[in-house]
Structures are given as structure tokens and as C-alpha cells.
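Colleague: Could you look at this predicted model? Sequence included:
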Amino acid sequence: MGMTVVEKILARAAGLPSVKVGDVVEPRVDLAMSHENAALVINQFHEVYEGTGLSAKVWDPSRIAIIFDHRVPAESPKTATNQKKIRGFVADHGITKFHDIRGDVGGICHQILPEYGYVRPGYVVVGTDSHTTSHGAMGAFSFGIGATEMASVWSLGIAVNIEVPATIKVVVHGEFPPFVGPKDLILHLIGKLTAQGANYKVLEFHGETIRKMSTSGRIAICNMSVEAGATSGIVPGDAETLRYLREEAGVTDPIPCVTPDLDASYVQTVEIDVTRLVPQIACPHMVDNVKPIGDVVGTRIQQIVIGSCTNGRLDDLAAAADILRGKKVAQGTRMLVFPASSKIFAQALDKGYVHDLMAAGAVVMNSGCGPCLGVHEGALGDHEKALSTTNRNFKGRMGNPTGEVYLCSPVVAAASAITGVITDPRKG
Ligand SMILES: CC(C)[C@H](C(=O)O)[C@@H](O)C(=O)O
Ligand code: SF4
């Protein structure tokens, strides 16, 4: 019996000739990622060693990545002190993949990992963040775990009790129409599968539309796979993965790719033709409450948000700048832009996108999670509505339980910024 790409990755990492759905395995971890919640992991990690007489040492400091992003720069003394504690741990243990609050190498964890070539095809990646699914875009099996599990990974280098997940094959055909892209595809898929439709399963993406898609688009679709409940999303490594890792991340060592067997078995196959796909909007307060844009056109918006690990990359900012160049953000609407990393920010500066966006009236903020999570900056006022390129619209997500968040692509957000109401970019 053939294996899916995740079965192959898990078999290799667990040192087994093959695995099948439901097997419980203990794969070797290639990369373990945390952000500010490393502070929790550190507490749990020390507990593992308490009373054993053993000195607490991480299994491999080169395989741990810690990125400050959720609250940068710190909004409170408590956060700043947590970050200080993590810095101390990083220094004590010699952790090298550490990204502090910096304007040169800072950014959101899910952008930093691919950008610096930390994730490779075939890797097992775990992260203390639900959107760790993003790194499936690089052909890795990448999923979120809790702080306690992470403490055990830090000491053992293996992920314990991992049940081999079933895989849903998603085959995407056709060419995107103008102003429609990967974000619309993933919103459409989540609407179709529902928020629980892929629970405990992997979404393995195939088809010519995926093959032609940039790494940026692939990150967006794998990032949001968790919103359909998926353990992970994955695009098996291919020519685009190699191009990205070589040309953009500067990787020079060999990059073997893992591909699924032709006779691999899937629990379900979903076929999507994007030829007639229209811009999609996830309406409050569930990511699977997805509607074609026509259903919500004209809804008044007080805050437009472009950024995050989902849609804060250079192509996203370029698309927004193209629409807003020479135009103005509507009165009564504010627009916040936060690039996914410092590197993207610098590129957007060089290309003039930051200038275009600011001249239109947008506030360009530093790289980090910012308004996406709403615990730090960019909160909504009572009963305000936001239109955002982020990935979650749960009640209270943007810091106010009476606020409403609509999710969309960068071009929809940019077109709507000009009018102050949800606007179809195909007609704008
Ligand atoms: C705060 C963090 C643990 C959380 C996550 O797990 O995803 C956040 O990044 C999010 O997007 O909601
Ligand atoms: S940008 Fe948003 S979704 Fe991404 S890691 Fe930060 S809080 Fe989570």
C-alpha cells in the first residue's frame, strides 16, 4: 500500500519502513518553534528536570526557533519581563534561531521560518502556535502542540504519541480570474469543509493551480488549513519550493523533496475549479461563515487591516499598493498595514509600496501580530466592523467582543479602503 506525503515523512522520522493511519508513532523533530509563549514552555521544561538531579539541557539548540512576534514591542512590563526571561534562556542554552524585536531580522514566526530557510521539505516541525500548519507550504509536516508537549520535545527531540492522521486530497484546477487568488481559494474550501470538516486530518494540496502558485500563496492556504480543523496542510515539495529556498532563503545544501506514492490512500478527495471563483468573505464570527462578496458588498467598515502571517507578504503589499496608489482611504475608515517580517517591510520600502500606502492614508506598523490577535494594538471600538486579511474572525478577536471581523484577500481589503464599504475589486 502506498503512503501519503505525511505518512512518508512520519515513517522516516520514526525510523519505520511504513506507517498507516491510526498508528501511534514517536517521530524525531527537525524543528521546534515557539514565540513569546516560550515562557510557558520554559516553566514546563524546568519541571521535567525538577528533582531528577539532571541538569536541564535542550536536546539540540540548533533545532529550536524562538521568535518574538505576538506583542512587539512589549505593550506591558509583564510582557517585557517574559521576553527578558526568554532571552536569558536562549543565551543559557545557546539557541541560535532566535529572532528578537528587531528592524532587520524580526517578524512573525510563520514568516521567519520559511524566510530563513529553517523549514525544509520532509521535515517534522512542531510549534506552540495553531498556525504552525503554515510550514506545510514548504513540504514539511508541521503542526501545533501545547507548551507541555513542547517541553518534552525540548528535552527529548521527539514528539510523543503522535497518531498518524488520515489525509484529505485537495485537487485544485484552473486559473484564477483577475482579483481572485489563494486567499479566496482557502476561504472557499473552509466554507465547503466547515470549521470541523478536516478535524484530525491533513489537507494535501495538488493540481496545476497549486503547482503554479507562489510560495507566498501556498503559505496562506496551509496557514488557514487549521481553520477547517486540519492538523496540517501540506504542498508536497516541488520546483517552486526549491526555487524559494534557493533564491529567497539562500539555502545552498541539498534539498530532497518527499512526494506521495501514486497509490496512496486518502479518506476523501475534494476537487475545486477556480476558473469561476469570486472573491470570498468570511463573515462574523466563524471562519467557515464564508459568502461570495456579492452578499456583503456595501457593508460599512471602520478598520481595514492588511498583514499577518496569512497575507502580509510582499505580493500582498504590492497588490494593495497597486490599488491604493494615488487614491485615499475613505474618511471614517482607518487602514492598518503590518508586514509579516522586517525583511518584507524593507523590500516594500525599496519598492515604494510603503510610500504609496502611507500617501493614501494607511498607517504602516512594525512587523508582528499586532491587530490580528488584538491583544496589543489595533483594537476595535464598540460595535465597529473590521475587514481584514488575517485568518480568524472569532468574537473578540480584534480586542473587542462587540466588534465584528470580516476576512478577505488583500485586493478586497484595498478596494474597500477607498470606499469605506466592502467593495468588489473587480468592479472598483
Ligand atoms: C497566541 C497563539 C498561541 C495563537 C495561536 O495558537 O494560533 C495565535 O497566534 C492565534 O493566531 O490565535
Ligand atoms: S499574525 Fe495572527 S494568526 Fe499569525 S501568528 Fe500572529 S496572531 Fe497568530
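Modeller: Looks like it arrived, so ask away. Ligands and ions are numbered 1, 2, ... in the order given.
Colleague: what about the longest strand in the chain?
Modeller: Among the segments of the chain that qualify as a strand by DSSP state E, the longest is strand 166-173.
Colleague: Tell me which residue is most central in the protein.
Modeller: The residue lying closest to the centre of the chain (Cα atoms, centre = their mean) is residue 223, at 3.6 Å.
Colleague: How about that residue: what's its closest non-neighbour residue?
Modeller: Spatially, and ignoring its direct neighbours in sequence, residue 223 is nearest to residue 134 (4.1 Å; Cβ to Cβ, 6 or more residues apart in numbering). Quick note: C-beta positions are derived from backbone N, CA and C, even for glycine.
Colleague: which residues does the one you found contact?
Modeller: Residue 134 makes contact with 110, 113, 114, 142, 219, 222, 223, 309, according to Cβ atoms under 8 Å, 6 or more residues apart in numbering.
Colleague: From the chain's centroid, how far away is the helix or strand containing the second one?
Modeller: The reference is to residue 113. Residue 113 is located in helix 109-115, with elements delineated by DSSP states H and E. Going by Cα atoms, centre = their mean, to the nearest Å, the spacing between the C-alpha centre of helix 109-115 and its chain's C-alpha centre is 9 Å.
Colleague: helix/strand/coil for the closest residue to residue 155 other than its chain neighbours?
Modeller: Closest residue to residue 155 in three dimensions, ignoring its sequence neighbours and counting by Cβ to Cβ, 6+ apart: residue 48, at 5.5 Å. Secondary structure of residue 48, reduced to three states by DSSP: H, G, I helix; E, B strand; the rest coil: helix.
Colleague: Around residue 48, how many other residues sit close by?
Modeller: Look at residue 48: counted by other Cβ atoms under 10 Å, it has 15 neighbours.
Colleague: these two touch, right, it and residue 150?
Modeller: No - if you go by Cβ atoms under 8 Å, residue 48 and residue 150 don't touch, sitting 10.9 Å apart.
Colleague: returning to what we had before: looking at the contacts of residue 134, which is nearest residue 172?
Modeller: residue 222 (13.0 Å; Cβ to Cβ).
Colleague: Just to check, the closest one is in contact with residue 235?
Modeller: Yes - shown here, residue 222 and residue 235 form a contact pair, counting by Cβ under 8 Å, at 6.7 Å.
Colleague: Now for the two: what residues contact both?
Modeller: Residues touching both residue 222 and residue 235 (Cβ under 8 Å, 6+ apart): 136, 137, 205.
Colleague: quick one: contacts for the closest residue to residue 166 other than its chain neighbours?
Modeller: Spatially, and ignoring its direct neighbours in sequence, residue 166 is nearest to residue 267 (4.1 Å; Cβ to Cβ, 6+ apart). For residue 267, the contact set (Cβ under 8 Å, 6+ apart) comprises 21, 166, 167, 168, 201.
Colleague: rerun that using 10 Å as the cut-off
Modeller: Contact partners of residue 267, counting by Cβ atoms under 10 Å, 6 or more residues apart in numbering, are 4, 21, 165, 166, 167, 168, 169, 198, 201, 202.
Colleague: Adding pLDDT, write those out as JSON lines.
Modeller: JSON lines is the format used below for those (pLDDT from 0 to 100):
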{"residue": "4", "pLDDT": "98"}
{"residue": "21", "pLDDT": "98"}
{"residue": "165", "pLDDT": "98"}
{"residue": "166", "pLDDT": "98"}
{"residue": "167", "pLDDT": "98"}
{"residue": "168", "pLDDT": "98"}
{"residue": "169", "pLDDT": "98"}
{"residue": "198", "pLDDT": "98"}
{"residue": "201", "pLDDT": "98"}
{"residue": "202", "pLDDT": "98"}
